[in-house]
Structures are given as C-alpha cells and as structure tokens.
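turn this into a structure:
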Amino acid sequence: MHNRPTQVLLNVGHAIDHMFLLIFATAVTTIAKEFGLTHWEDLMPYSAAAFLFFGLGALPAGKLGDHWGRRSMMILFFVGIGAASLLVAATQSPLQMALALGLLGIFASIYHPVGIPMLLQGSKKPGWTIGVNGFSGNLGVALAAAITGFLVAHFGWRMAFAVPGIISIACGIAFALVSHTEVAPPAKRKPTQVQLPTNLLARVFLVMTLAATSGSLLFNFSTNGNYELLHERFAEISGDPVKLGLLLAVVYAVASCAQLVVGRLIDRFSLKPLYLAVLLLQIPFLAFAANAGGWTLYLLQILFMITIFGAIPFTDAMIVRYVDDRMRSRVSGMRLAVSFGASSLAVWLLGPVVKQSGFGTLLMAMAAISVVTFLVVTQLPDMRAAEVPQAAD
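Numbers count the residues shown, from 1 in each chain. You can find the predicted model right below:
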C-alpha cells in the first residue's frame, strides 16, 4: 500500500488528466472567435489529435509502466501535461493549437495505464478504490467546466490552460518528494494471482475492449458536447458562461457520485448483472434528451451522465480481478489504445455532426451506442463462476 499523500496525488492526477482534456471543449467558442472562425464546430475537429494520441499513447505508456517503473512515469505525466498545457496557452492559430493539444494528449495517455494500476497495488477493496479514483477523475471534468468558465470570463482562455498547467507541474514535484522509490518495476516482481485460461482471458479482453470503446465514445460525445448542448437549449442561461459552467459542473459532480456507489457494489456483487443494469438505464435517458430543452433537458443530462460515468469502473475492475499486477499496465495500455484511439473519432465528428444534423441526432446515436454496448456485455462470462483465486505470497 502507498502512503496517504501518494494515494491523494494519484487521485488528483486522474482529475488533472480529465480536466486538461476538456478545457478546450469548454473554451472552444471563445478560442474560435479569437482565431477568426465563425462557428465553434469548425474548430472542434482540431482537438481530435489530443484524443487520438491519448489512446495510442496508452500502449507504450503501459509497457514503460511495467518495465521502467510506474513512479517515474507518473512524475513524467504531471510535469509533461503541465508543460504541454502552457504550450497550448501560447498558440496563435488552429494548426498550432492542434499540434499543442496532440502533445498534451501524449502526456495525458500515461495516467490510465500507469496511475490506476499503481493506485490498486495491494488494495484490499479494489472496487471502492476504483470508485474513489473514478469520482476524482470526473470531478476533474466538473472542474474543467467551472474553472474554465470562470477563467475565460475574467482572464481569457489562455489563462484557462496556463493556471492548471502550473498546478500540475507543482503536483509532479510533490509526487517525486512523497512517493517511495520502487524496489523493482512491476514486470520483475513475483506473481500475486493465478491467471485465467487463455481462451477465457481472450474472451474477457475482447468484451472489455469493445465495451470500453463504446463507453469511451459516449464519454467523449457527452463531455465534449454538453457545454454547447446547454448553451443551445437552455435559453435562460445561454448568455452567461460562468453560470453555464457552474450548472454543468453540478451535472458532473452529481454524476461522479455514481462511481462511488458502483465501486462499493463491485466489491460485493458479480460484475455482469451490475454492468448490464447501468447500461440498460442509459438508453431511455439519452433518447428522451434528444427532444428536450430547458430544465427538463438539464434533469435528463444529469441522469444520462450518471449512467455514463457509472459504467466507467467496470473495465478497470475486470483487469484487477483477472490480470496479475505484473502486467496490468500493459493490458490496460492495449485496451486503452483501442478504446480511446477509436473513441477519438467522437471528438472529430462532434462538430460536423451537430452542425449538419443537430444535437437531437447526436443523442439518438448515443442511445443506439448504448444498445450495442448492452448486447456486447451480455457475452461476458459469468464473473462468479470465473472468479480468480489469489496466489499464495
């Protein structure tokens, strides 16, 4: 187990990771105007590189985490993403923005395959640990909405990147000071649990990857589009970016609590029925939101974000339950490279789809994705029957 300051900073790192990836989405309207673009939808595709490298970079990040060391990689994460954010703040054109955001995505790719396995090392209640970590990550989504809205309104969009960047570098220095040096990288340690048969492990990995990919599509469509969705359909607040940001922050803060509940349930019950129940709730909430507006939309937005966030802990829980710690970063990296890499398409498509067909079409497409995810997860093996025994120390 890690000391408390290390655990806290690992959870803060998750918040930083998600916050930094969504600053652009919250400030995109303001940035587009400064860069001379008429519509925010025209600038949105320039952020796709960040999410593409966020996914593709997970593969080498996971390999380095297992073979070089997770502590060293986390220091690189904090300092690197902070420096990249400062670079974004200095950009002067859409192309420069795309390149700087791509670099930010590379450093952002480190956290999930490295930080989460590091946090889970020796955890007695992995479901709860994942839930708290997920809650922290999604608070970062909430902070992106609230803090970015405030900084953009009072200090400009560049400060919305610069201030968090400086904070992240400070966190990296603190992490280097408080975290213990690793005796050996994970790949060189003794095994801690018995592995599943190859065919069953391959099936779990396939289902997990497909479900994570569709879940990531929903996450990217919603978190990158929610601000503009409220702006378009909630006339009472559409002219006040601070109020809009705060209301969206409430959505994410409330939805984040779902991960705490799900994390607690994962430690007590089988994964498959829990996962299916959460996915089943996504479908009607997204479908009803397609034609809603005002406070009705806001309520439905809270509900569908609860189910989208609530589905997130399951893939990490499967990795913890069925993959030995010596190779968790690599398995996570492979899964994330596919799911996050494919879901970067959501960011690239968001602006053109909304511009061409509107948010109603987008939300119905998201409901259809939820149906597909539900069908995929029905193929997951019975978790109770496939429980993995712990190896003797």
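
quick one: the one helix or strand in the chain whose mean pLDDT sits lowest to chain centroid distance?
Lowest mean confidence among the helices and strands of the chain (mean pLDDT, DSSP states H and E): helix 328-357, at a mean of 81. Relative to its chain's centre, helix 328-357 lies at 11 Å (CA atoms, centre = their mean, to the nearest Å).

and residue 279, how far from residue 112?
In this view, residue 279 and residue 112 are 21 Å apart by CB to CB, to the nearest Å. Bear in mind the C-beta positions are built from the backbone N, C-alpha and C, glycine included.

ok so, going back, and the next helix or strand past the least confident helix or strand of the chain?
Per DSSP states H and E, the first helix or strand lying C-terminal to helix 328-357 is helix 359-377.

so for that following helix, what gets flagged as buried?
Residues of helix 359-377 classed as buried by neighbour count (16 or more other CB atoms under 10 Å): 359, 362-367, 369-371, 373-374, 376-377.

again, but for stretch 346-356
For stretch 346-356, burial by neighbour count (16+ other CB under 10 Å) applies to 346, 347, 348, 349, 350, 351, 353, 354.

then stretch 262-273?
Neighbour counts over stretch 262-273 (16+ other CB under 10 Å) mark 262, 263, 265, 266, 270, 271, 272 as buried.

what's the span of it from first residue to last?
For stretch 262-273, the separation between the terminal residues is 12 Å (CA to CA, to the nearest Å).

what comes into contact with that stretch?
For stretch 262-273, contacts defined as CB atoms under 8 Å, 6 or more residues apart in numbering pick out 125-132, 134-135, 274, 278, 310, 313-314, 317-318, 321, 377, 380-384.

list the contacts for residue 182?
By CB under 8 Å, 6+ apart, the contact set of residue 182 is 69, 70, 71.

most neighbours, which of the residues you listed?
Counting neighbours by other CB atoms under 10 Å, residue 70 comes out on top of the contacts of residue 182 with 27 neighbours.

enumerate every residue touching it.
Contacts of residue 70 (CB under 8 Å, 6+ apart): 114, 115, 117, 118, 182, 185, 186, 329.

what about the stretch 251-393 of the chain, any weak spots by pLDDT?
Across the stretch 251-393 of the chain, the ranges flagged by pLDDT under 70 are 382-393.

quick one on the thing from earlier: can you redo the contacts of residue 70 as CSV with secondary structure?
Output for those, formatted as CSV (DSSP: H, G, I helix; E, B strand; the rest coil):
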residue, secondary structure
114, helix
115, helix
117, helix
118, helix
182, coil
185, coil
186, helix
329, helix
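
which one of those is nearest residue 245?
residue 115 (26.4 Å; CB to CB).

could you count how many residues lie near that closest one?
29.

go on, residue 177?
9.

by contact count, what packs against whatever helix or strand it lives in?
In the assignment (DSSP H and E), residue 177 maps to helix 157-178. When contacts are defined as 3 or more CB pairs under 8 Å, 6 or more residues apart in numbering; DSSP states H and E, helix 157-178 sits against helix 4-34, helix 70-89, helix 126-155.
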